[in-house]
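**Q** quick one, fold the following:
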Amino acid sequence: MSRLSRIQDAPSQVWVNNPTITGFLGISPLLAISQSSIVGSALAFSTALVCLASAATVYGLRSVIRPAHAFLWVTAIMSCYTTILAQLMEVWFYPLVRELGIYLYLIACNFALLVKLPSYRNSASFTVAVADAARLAVAFGASLIGFSMLRELLISRTLFANVQLLLPQSFEAVVTPDSAGISTFVASAPGAFILLGLLIAICQALGMRRPEAYYHQDEQPVERARVTGRLKSDRD
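**A** Take a look at the predicted model:
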């Protein structure tokens with residue numbers, strides 16, 4: 001069983017099987033737009049909507065989607081919902097869309113979702129598929145929002161600044177003064193990588209690991225062929 005197959009089969013959980021902290025999936029948006037907790041929360045909520053809608057659609061089309069083309073179907077489904085969501089947000093939340101940038105559209109390429117969604121074809125029921133997708137969305141969103149809050153606190157000493165971006169009408173933004181030292185370092189890309197590495201190390205030290213079933217290898221044992229001496233024949 002491959003690593004991707006084990007990720008697909010393992011149930012989604014916020015702590016034990018977190019796709020970002022333990023699976024290292026979906027790290028690109030986590031590092032890119034995590035300087036603001038408001039922007040991180042918006043991307044987490046948008047990802048959750050796409051995840052739930054895509055999971056419901058994949059289960060509804062389970063009789064049409066073939067295993068060989070599952071990833072193509074999932075990519076097309078996620079792209080449709082991402083485009084619809086992005087167009088609606090451009091109408092009502094254009095300043096927020098400018099802050100999210102290309103990462104709003106890259107929800108369709110989020111590997112944390114792409115790996116998991118094809119498995120919902122084989123879910124026992126619609127409720128099971130949507131419930132697991134909800135746990136996946138909450139797990140990814142918790143990582144994104146938590147990391148965004150930590151970076152914003154270290155960068156600007158604020159939390160949820162510019163909250164007006166979440167409203168349909170955008171008012172004057174809150175301007176935070178520039179700072180130096182650790183705030184500037186955390187705001188940079190290398191600082192984000194180092195901070196994420198420290199966060200992963202702390203979470204693993206506290207017990208956030210993959211489930212034991214993830215490490216289980218159910219492959220057939222390989223027997224070593226004998227190349228010396230008399231070979232065993234069918235008559236023996």
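**Q** what sits closest to residue 92 if chain neighbours are left out?
**A** In this structure, residue 92 finds its nearest non-sequential neighbour in residue 168, 4.8 Å apart by CB to CB, 6 or more residues apart in numbering. Where C-beta positions appear, they are placed from N, C-alpha and C, glycine not excepted.
**Q** surely that neighbour and residue 93 touch.
**A** Yes. Counting by CB atoms under 8 Å, residue 93 is a contact partner of residue 168 at 6.8 Å.
**Q** in the helix or strand encompassing residue 127, what's buried?
**A** Taking DSSP states H and E as the definition, residue 127 sits inside helix 126-156. Within helix 126-156, the residues scored as buried using 16 or more other CB atoms under 10 Å are 129-130, 132-133, 136-152, 154-156.
**Q** what of stretch 48-55?
**A** 48, 50, 51, 52, 53, 54, 55.
**Q** now, which of those sits nearest residue 40?
**A** Using CB to CB, residue 48 comes nearest to residue 40 of the buried residues of stretch 48-55, at 12.6 Å.
**Q** helix, strand or coil: sort out the closest one for me.
**A** Three-state assignment for residue 48 (DSSP: H, G, I helix; E, B strand; the rest coil): helix.
**Q** residue 124 too?
**A** Residue 124 is classified as coil under three-state DSSP.
**Q** repeat that for residue 35.
**A** Counting by three-state DSSP, the backbone at residue 35 sits in coil.
**Q** phi, psi for it please.
**A** With angles defined as degrees, to the nearest 10, residue 35 sits at phi -80, psi -20.
**Q** pretty sure it sits against residue 155.
**A** Yes. Counting by CB under 8 Å, residue 155 is a contact partner of residue 35 at 6.1 Å.
**Q** pretty sure residue 107 sits against residue 50.
**A** Yes. Assessed by CB under 8 Å, residue 107 is found in contact with residue 50 at 5.2 Å.
**Q** which neighbours do those two have in common?
**A** Both residue 107 and residue 50 are contacted by 78, 82, 85, 113, under the criterion CB atoms under 8 Å, 6 or more residues apart in numbering.
**Q** any idea how far the nearest residue to the last one once chain neighbours are set aside lies from residue 104?
**A** To tie it back to what came earlier, the one meant is residue 113. In this structure, residue 113 finds its nearest non-sequential neighbour in residue 51, 5.5 Å apart by CB to CB, 6+ apart. Using CB to CB, to the nearest Å, residue 51 is found at 14 Å from residue 104.
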